[in-house]
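Asker: here is a sequence with its predicted model. Questions after.
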Number of protein chains: 2
Amino acid sequence: MQHWSRRFVMKSLGAAVLLAGHPAAIGLSRRAMPVGKQTATFIEHNDLPWALETRRGQFGFGPITPVSHFFVRNNLPMPPPSVTDEGDHWSFQVSGCAEAGSLTLADLKGMNVQTIANVVQCSGNGRAFFPHHPSGSQWGVGGAGCALWTGVRVADIFERFGGVVDAPAFLTATGGEQLPEGIARDAVVVERSVPIEKGLRDCLLVWEMNGAPLPAVHGGPLRLIVPGYFGVNNVKWVRQLGATGQQSTAKIQQSGYRLRAQGVTGGPQHPSMWRMPVKSWLNGPGADDQPVLAGSATLYGVAFSGERGISAVEVSSDAGDSWQVAKLVGPDLGPNAWRTFSLQTTLDTGIHRFVSRATDTEGAQQPEQTQDNQRGYGHNGWGDHGLTITAVKTLPERELIATAERASVVPATPVQTPPVLVLSDQALAGKAIFDNQAQPGCGVCHSLAASDARGAVGPNLDTLKPGLAQLRNAITQGVGAMPAYGGQLSPVEIDALAAYVFEASQ
Amino acid sequence: MQHWSRRFVMKSLGAAVLLAGHPAAIGLSRRAMPVGKQTATFIEHNDLPWALETRRGQFGFGPITPVSHFFVRNNLPMPPPSVTDEGDHWSFQVSGCAEAGSLTLADLKGMNVQTIANVVQCSGNGRAFFPHHPSGSQWGVGGAGCALWTGVRVADIFERFGGVVDAPAFLTATGGEQLPEGIARDAVVVERSVPIEKGLRDCLLVWEMNGAPLPAVHGGPLRLIVPGYFGVNNVKWVRQLGATGQQSTAKIQQSGYRLRAQGVTGGPQHPSMWRMPVKSWLNGPGADDQPVLAGSATLYGVAFSGERGISAVEVSSDAGDSWQVAKLVGPDLGPNAWRTFSLQTTLDTGIHRFVSRATDTEGAQQPEQTQDNQRGYGHNGWGDHGLTITAVKTLPERELIATAERASVVPATPVQTPPVLVLSDQALAGKAIFDNQAQPGCGVCHSLAASDARGAVGPNLDTLKPGLAQLRNAITQGVGAMPAYGGQLSPVEIDALAAYVFEASQ
């Protein structure tokens, strides 16, 4: 860990605060983004612990949010890699069942494995739209994502320990974050409780996200998924799983994440941030101030309602005076996933604002406004979630941006000493065929260092290192796009050519 | 482009081929992996053009293959970034309709957008299992993946040009690869035809894969998706789309990708590699020689059948003498997606081999063997696709591997000149409270360079740069895990503490 210091000077003249030197010289470090995520994809609200919001224009049309684009909201710094690297050795305690004990991730992988699609959304998503400016990260729309999660049902885990006893009321999960010294555990521990019926019905401990191992920043190796509930309940790096009589005594459960009026301190009497109500918003086109070509346009966005799924979405271009029914597009991934909706429209040049309003399968409709509340939780009002689009006559000239892909060819190691290649007589005869005789020439399509050939249509022969039989076959009969040379070369010539490529490429 | 040379020496003694110097000194360059893909995920069959096979153990349990894990098989080197970066400016020609013309990707985005799940599989996937060793990349199981593709139906595109005319028989698409000089266009161009009924029924031009822009290596900005058909038909970087009377005259259509007996040259009389027949294989546990803990184990794999979907999968531990019905798990993404299946079993220590056999919704069942054929296409025999698992009593000790994540913290820029921070008198008083008076101490949870505080529970104050009102609120009432200091600090002290953090962090 790096240390730095600043010199302090007593203020003598009542002058405003002064910092000598350029801000960049202050020595503040910015953490590099989590593995697999790019700076341009996110609004960075915080770096330790991570709070990364997906930019509105970065959401795709399809219903699954890739890990590279998935928001992050950690309540505490994540455990160090020495912990999150435990993989199949990861273990957690189980309590509140006929027997107590522990399991490892390896044990879970031998159980009844499930995959579900589920939206995870930060309780504070939409906080930036509340007029009273609640403190906390100012999430717009991008504190949410929909992924495929693979794991084992909590009910199956409890069953393995003889089932729950003592009529528990809650499922309580404890995260594996390292806690700072000098603070009471309850003040900081990430430990959340949800009703036991919910826990037994459909909660999962998961180790895979979108078909790959759950990344550490998203709670890997093992996190809880509480389908349809706000993000905070989906405890990461789970170390304890209990069927409990009472809710956790942790502050994050008792007073945190409680919906209450402005100025009121949270407590158990206030509703906990559990099920996510119906919500939708438009993601494009034209988010993040990207101009859109005037004319035909396809508006698109996402809609969801915890545990319920969506029955309809409407879109309005006049702030809700009139509505048009949008189409639900793409596969329906279940009641806890979000659904893409779209609506084709025509945009004149100028600025437009569209809002969307979703209705879930139980008939609940997204409200125009969400009641102000102390912490700015649970914003689902359609009035504030509108998308502003600027339509222009012609798109800006294409900018040629240097992409990462352009830098993706690793320069070859400089050749210090050209190696000596000793060829057989037969191969030397083949080299003449390779270089001059065959039509089209071998080097038109292939790379082979010994002939200084740099063709890129067929395989790089130095890399491929083909066998003699493979070479004779390919030359005689052709392979894929490669023509047959059996008509123009004699068997002796074919053998020589094969010998040359073989010897030169080994 | 780099040039290198080798010196040639006449062979005089009949000695074996000799290379002087270490192979690494030969100057062969290896291309870096395409953006977002890691070497460890793939078997690299070729690098120019790319042929990357997903390792069996890298397939997840969930039904979508992330882009990071998706195989690559390009027939020619991809167009340069100056071309694949065209984005919304990408244009392609349309022919065979009442009107001819062109569209851009921006135009497509204003049309009727669709999202479907679809397996793309290389025709040669499974080639390595044929006993006659057909030439070409030796794909095992990993030349396939299932993704969500977003785009516009070919039928809607043709409709925009007045619909097809002259009773066309084929949909023909042409790729945008740059062709080498000196070779006839038909010999190398990637141009494929499929029956027009198929083209109009469900083919799409797509620009998004799994919720993000289609990567260049997968055909971005724009490729064709022919649902349920082998990979070669899904032309990348599409520059021409036509309703045509005849199949393309390109070699890749006329004689390439034709199923015929060994030793036979392909021609239009042989079946083209179009619809993918029913197939399944197990991906885990224990692929790639990873030992598995003896005891309960969950076998899992994927099953698909082009245009049909899967009705059942069975698993056998005795080479097909007896079968057990597997479970189909997770969301059903449609008839062209693959389905995850699983089966719980018990493994004694030792080596086991399991095979799987899928049946599609039309009753077609995966055969035990696939007929040998010249190019090793279309292998779907269950006999060769078995998974060998080694079960052990205890897992190997956990290896602490240096992960990329561990290197993800960018070192801070060394401080050249410590800047001078001038604090107000009020802020100086606040610094004493921050450093010594408040309990728990502010630096336990927060980072603030001016106090050399490195706490990581709450926000980094140097990064957050909170406002004065925000600070007074948080200190007085607490925020999230932060306790309220309103009981222990006086209003004057709170103002001083707020002033200090404000001045020190701006």
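Answerer: Sure, I can see it. What you see is a predicted model; the values in this text were computed from it and never measured. Numbers count the residues shown, from 1 in each chain, chains lettered A, B, ... in the order given.
Asker: and A:Ala40, helix, strand or coil?
Answerer: The assignment at A:Ala40 comes out as helix when based on DSSP: H, G, I helix; E, B strand; the rest coil.
Asker: let me see the contact set for it.
Answerer: Going by Cβ atoms under 8 Å, 6 or more residues apart in numbering or on different chains, A:Ala40 touches A:Arg55. C-beta: built from backbone N, CA, C; applies to glycine.
Asker: ok, which stretches of the stretch 351-500 of chain A are strands?
Answerer: Secondary structure of the stretch 351-500 of chain A by DSSP state E, counting those that start in this stretch: the strands cover A:387-392, A:420-423, A:447-448, A:453-454.
Asker: what about the longest one, distance to the chain center?
Answerer: Shown here is strand A:387-392, whose average C-alpha point lies 27 Å from the average C-alpha point of the whole chain (Cα atoms, centre = their mean, to the nearest Å).
Asker: rewinding a little: mind giving me TSV with the strands of the stretch 351-500 of chain A and columns for mean pLDDT?
Answerer: Formatted as TSV, these follow (pLDDT from 0 to 100):
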stretch	mean pLDDT
strand A:387-392	97
strand A:420-423	77
strand A:447-448	90
strand A:453-454	86
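Asker: packed most tightly, which of those strands would that be?
Answerer: strand A:447-448 (a mean of 22; mean count of other Cβ atoms under 10 Å in any protein chain shown).
Asker: so that one, near chain B or not?
Answerer: Yes: against chain B, strand A:447-448 shows contacts by Cβ under 8 Å from any Cβ of the partner chain at A:Ser447.
Asker: which secondary structure elements does that strand sit against?
Answerer: Applying 3 or more Cβ pairs under 8 Å, 6 or more residues apart in numbering or on different chains; DSSP states H and E, one finds that strand A:447-448 contacts helix A:461-464, helix A:491-505.
Asker: could you redo the last one with a cut-off of 6 Å?
Answerer: Helices and strands touching strand A:447-448, as assessed by 3 or more Cβ pairs under 6 Å, 6 or more residues apart in numbering or on different chains; DSSP states H and E, are absent.
Asker: and the contacts of it?
Answerer: A:Ala453, A:Arg454, A:Gly455, A:Asn460, A:Leu461 (Cβ atoms under 6 Å, 6 or more residues apart in numbering or on different chains).
Asker: can you list the domains in chain A?
Answerer: What automatic domain parsing lists as the domains of chain A is A:23-254, A:279-392, A:425-505.
Asker: could these go into a markdown table alongside distance to B:Asp88?
Answerer: Conversion of those to a markdown table gives the following (distance: least, Cβ to Cβ, whole Å):
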| stretch | distance to B:Asp88 |
| --- | --- |
| domain A:23-254 | 13 |
| domain A:279-392 | 8 |
| domain A:425-505 | 28 |
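Asker: confidence-wise, which of these is weakest overall?
Answerer: For these, the bottom mean pLDDT is recorded on domain A:425-505, which sits at a mean of 88.
Asker: from the chain's centroid, how far away is that one?
Answerer: 45 Å.
Asker: same thing with stretch A:304-312?
Answerer: That offset, for stretch A:304-312, works out to 22 Å (Cα atoms, centre = their mean).
Asker: end-to-end on that stretch?
Answerer: 10 Å (Cα to Cα, to the nearest Å).
Asker: helices of the stretch 351-500 of chain A, residue ranges please.
Answerer: A:425-432, A:442-445, A:461-464, A:468-477, A:491-505 (DSSP state H, counting those that start in this stretch).
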